[in-house]
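Chemist: Need coordinates for the below:
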Amino acid sequence: MHLSFSVPLVACLLLAHNVLAARPKKCTSITTRKEVRDLSSSEWRTIKDTIEKMQELGWFRFYASIHEVYFPVVHGVSQFLPFHRRFVRYFEMTAQKINPDFALPYWNEFADYRNPADSSVLSDRYLGGNGQGSDHCVMDGIQANWTMTYPNEHCLQRQFNNGDSINPWYSAEFLQSIMQRSDTMADFRDRMENSQHGMAHLGVRGDMSTKHSANDFLFMLHHAFIDRIWSIWQDDGHRTTFDGPGSMGEEEMTLDSKILFFQDTVEEVMYLGRGQMCYEYDEPSSEPDLLTKRANINSGLSSLPKDVLCKWYPKSCGETTSDNTTESTAPVAHVALKQLPLPAEIPQEAIEMHGFDPAAVQRMADEARQFVEDMNAAGFVPKY
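Modeler: This next block holds a predicted model:
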């Protein structure tokens, strides 16, 4: 039998073979990361006991120091997402050496974006709340009364950016818009890093707004949340999408680029459930997930005027079931309470301290403001 292949077909087959061959091996055991409020009392006890042992052994000092040392070269560049995926997984693997049942949770920050300080996550039941006293020491929650040792001896500190409250963060609707409008890692990373990622750090403040922010266990839940968003974007046609500026002399990163400190290639962290990335994310049980099921997204967007829908949600533009194809001409009357709030802006001193690109930060603030204005004018009713 004679088999005949066209040149394009052969090229596609070779490419598919190379991609499959490059994938790390499947994990034999998978850790499931749950939303923190979905944990059982025994699961939370495991986490509490484990991180207390890690603090005793000096691991929090270690991770805080690594994050501070590498801070300038893993932020504002394409190292950002793979470095933090590897960093958080390394923390989880360290914890599993102490207790194999340890699984890092994430915080579904979308559910609390309007008033984060009022979330049960920032209460004595879980992570604890605002710092107290002149030193802003955390006195409740899983790290109550902890003394941190890096970069010097001090209590774990938080100082919310609006007194006892935290200014609004970014909504799930805006993050979904980012995911639909970003076709390159450079665009996706830039928008993610300068929106919800930065806003959470600078809303909680204290240790969380420093280069040694890994002192706060909240750092790990926050970055697990950011990592989950990246994994969902990967599942939506961007499994191996990687590009953008590097650091330390690397102008453009590729899948073969090394992740700083760890020296793994970027390719080695691109597949959850393979290699050392032996974990997966569970969906939050309290609400249908706006990010993972396009039907949930489209059902909430179907009433938008076509010009607004296609501007902010290009992938949903042709998928909604609405017959509303008119363009928006005037604001629609609706209940003000259900409007999307404007997220807070990153203050100038924080931009300078973290070395953020001022133009990128301003661009994201302007984009978010226009998104909120367009959605509210169209009468959109947000999920949360």
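Chemist: contacts and neighbour counts: CA atoms only from here.
Modeler: Noted.
Chemist: For V266, grab the count of nearby residues.
Modeler: Neighbour count of V266, defined by other C-alpha atoms under 10 Å: 22.
Chemist: Quick check: the gap between it and K311.
Modeler: Taking C-alpha to C-alpha, to the nearest Å as the measure, V266 falls 32 Å from K311.
Chemist: show me where pLDDT drops low in the stretch 201-350 of the chain?
Modeler: Applying pLDDT under 70 to the stretch 201-350 of the chain flags residues 286-299, 320-337.
Chemist: quick one, helices of it?
Modeler: For the stretch 201-350 of the chain, the helices defined by DSSP state H, counting those that start in this stretch occupy 217-235, 294-301, 306-312, 348-354.
Chemist: And those helices: which comes nearest D282?
Modeler: helix 217-235 (9.6 Å; C-alpha to C-alpha).
Chemist: I'd like the distance from that closest one to the chain centre, please.
Modeler: 4 Å (C-alpha atoms, centre = their mean, to the nearest Å).
Chemist: Run through the neighbouring helices and strands of that helix.
Modeler: Judged by 3 or more C-alpha pairs under 8 Å, 6 or more residues apart in numbering; DSSP states H and E, helix 217-235 is in contact with helix 80-98.
Chemist: Tell me which residue lies nearest the centroid of the chain.
Modeler: Per C-alpha atoms, centre = their mean, the C-alpha nearest to the average position across the chain is that of I226, at 1.1 Å.
Chemist: Might you report the residue contacts of that one?
Modeler: Contacts for I226 (C-alpha atoms under 8 Å, 6 or more residues apart in numbering) come out as H197.
Chemist: what's the answer for S171, then?
Modeler: Taking C-alpha under 8 Å, 6+ apart, one finds F110, Y113, L340 in contact with S171.
Chemist: 6 Å instead, please
Modeler: Contacts for S171 were tallied using C-alpha atoms under 6 Å, 6 or more residues apart in numbering; they are F110.
Chemist: Could you number the chain from 2 rather than 1 from now on?
Modeler: All right, first residue 2 from here; so that's S172.
Chemist: ok, now how distant is it from I347?
Modeler: Taking C-alpha to C-alpha, one finds S172 at 16 Å from I347.
Chemist: coming back round to it: for K384, find the nearest of the helices of the stretch 202-351 of the chain.
Modeler: Nearest to K384 among the helices of the stretch 202-351 of the chain is helix 295-302 (7.6 Å), distances taken as C-alpha to C-alpha.
Chemist: Leaving out sequence neighbours, find the closest residue to L261.
Modeler: With sequence-adjacent residues excluded and distances taken as C-alpha to C-alpha, 6 or more residues apart in numbering, L261 is closest to F84, at 6.9 Å.
Chemist: Tell me how many other residues crowd the one you found.
Modeler: 24.
Chemist: Please tell me how far it sits from N153.
Modeler: Using C-alpha to C-alpha, F84 is found at 25 Å from N153.
Chemist: still on that earlier bit, and the residue nearest to L261, what pLDDT?
Modeler: For F84, the pLDDT comes out at 98.
Chemist: Same question for the one 10 residues further on.
Modeler: Model confidence at M94, given as pLDDT, is 98.
Chemist: what does A23 give?
Modeler: So A23 comes in at 59 (pLDDT).
Chemist: What of N195?
Modeler: 90.
Chemist: quick one, what contacts it?
Modeler: N195 makes contact with V362, according to C-alpha under 6 Å, 6+ apart.
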